[in-house]
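Engineer: here is a sequence together with a model predicted from it:
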Amino acid sequence: MSRLHDMKKLGVLPVDKNHNYRLRGYERLDSPEDDPFAPPENVVLVSCLHCGSRYQSSEMMYEDRGAGYLWYCKNKNCDGAGFGFDIFP
């Protein structure tokens with residue numbers, strides 16, 4: 001199963017009745033992979049600047065924690081977001 005399929009199954013990826021992904025402002029993003037701060041396809045070890053945790057990039061979570069849908073640190077209590085922004089290899 002793909003990571004996208006797993007995210008839909010877990011309910012962390014919102015889709016409308018036509019199976020379109022969320023809208024961010026006025027710009028439509030077709031999928032989380034279109035996000036410029038999405039983790040890379042090849043899994044790498046990353047570190048979060050906010051909490052200092054180290055984990056695999058595949059563990060980043062695509063969800064809404066109050067600032068809209070972003071790729072967040074795997075730790076629920078951390079607000080680090082975005083591969084290459086708050087989360088680095």
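Structural biologist: That came through fine. Residues are numbered from 1 along each chain as shown.
Engineer: okay, now Gly80: neighbour count?
Structural biologist: A total of 23 residues lie near Gly80 under the criterion other Cβ atoms under 10 Å. C-betas here are computed from N, CA, C, even on glycine.
Engineer: who does the nearest residue in space to Ala67 that is not next to it in sequence form a beta bridge with?
Structural biologist: Once flanking residues are discounted, Ala67 sits nearest to Ala81: 7.3 Å by Cβ to Cβ, 6 or more residues apart in numbering. Beta-bridge partners for Ala81, by DSSP bridges, are Tyr72.
Engineer: what about Ala81, how many neighbours?
Structural biologist: 21.
Engineer: can you check Pro39 too?
Structural biologist: 24.
Engineer: correct me if wrong: it contacts Gly82.
Structural biologist: No. If you go by Cβ atoms under 8 Å, Pro39 and Gly82 don't touch, sitting 9.5 Å apart.
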